[in-house]
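Participant: give me coordinates for this.
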Amino acid sequence: MYKKTDDENVLRLSDLKIECCLGAKSQSYVIEMPDGEIINLSEGTRITNIEVIAGKGRDRKIDIVDILVDNYGGNADEWQKVKGIGYVDFGGENYKAELHWYQEPSVGKVLWKLKPQRGGEYFIDEN
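Facilitator: The predicted model follows:
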């Protein structure tokens, strides 16, 4: 699941494919925008460039690990804060964005947020 990189300070994870079905096995990933608006990941998107930025595997601790354990369970030592690039559905259109979330093996991925770009733009310009 972990990939080695040339930079020892970067802990990369495998890409995450978001399925395109509404069946019982599909997961609805709710994303919080910086202004508090709620959107979803685009169906069929692949989250790429995934890096662990805090928690297990990193020296940086997760500030809210106690809240995560209280609200979701799991083992405090297993939680990770992660970031990656994917597509979100905003107003019926797909936009590329930097996403942050927390994950723990027995719990899954929770508290997804869209990270604004420098300059305050929500989405990554693909031009």
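
Participant: avg pLDDT for stretch 80-90?
Facilitator: Taken as a whole, stretch 80-90 has an average pLDDT of 96.

Participant: convert it to CSV, retaining C-alpha atoms only.
Facilitator: Provided in CSV are the C-alpha atoms of stretch 80-90 (Å, rounded to 0.1, in the frame of the first residue of the first chain):
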residue,chain,number,x,y,z
GLN,A,80,-3.6,9.1,9.3
LYS,A,81,-4.3,12.5,7.8
VAL,A,82,-4.0,12.2,4.0
LYS,A,83,-4.2,14.4,0.9
GLY,A,84,-4.6,13.7,-2.7
ILE,A,85,-5.9,15.1,-6.0
GLY,A,86,-9.3,14.1,-7.4
TYR,A,87,-12.5,15.4,-9.1
VAL,A,88,-15.5,16.8,-7.3
ASP,A,89,-19.0,17.4,-8.6
PHE,A,90,-19.8,21.1,-8.1
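
Participant: buried ones in that stretch?
Facilitator: Across stretch 80-90, burial judged by 16 or more other Cβ atoms under 10 Å covers Q80, K81, V82, K83, G84, I85, G86, Y87, V88, F90. Heads up, the C-betas are built off the backbone N, CA and C, glycines and all.

Participant: over to stretch 33-46?
Facilitator: Going by neighbour count (16+ other Cβ under 10 Å), the buried part of stretch 33-46 is I39, L41, S42, E43, T45.

Participant: list the residues that contact I85.
Facilitator: Remark: with contacts taken as Cβ atoms under 8 Å, 6 or more residues apart in numbering, I85 is in contact with I47, T48, N49, K96, A97, E98, L99, I124.
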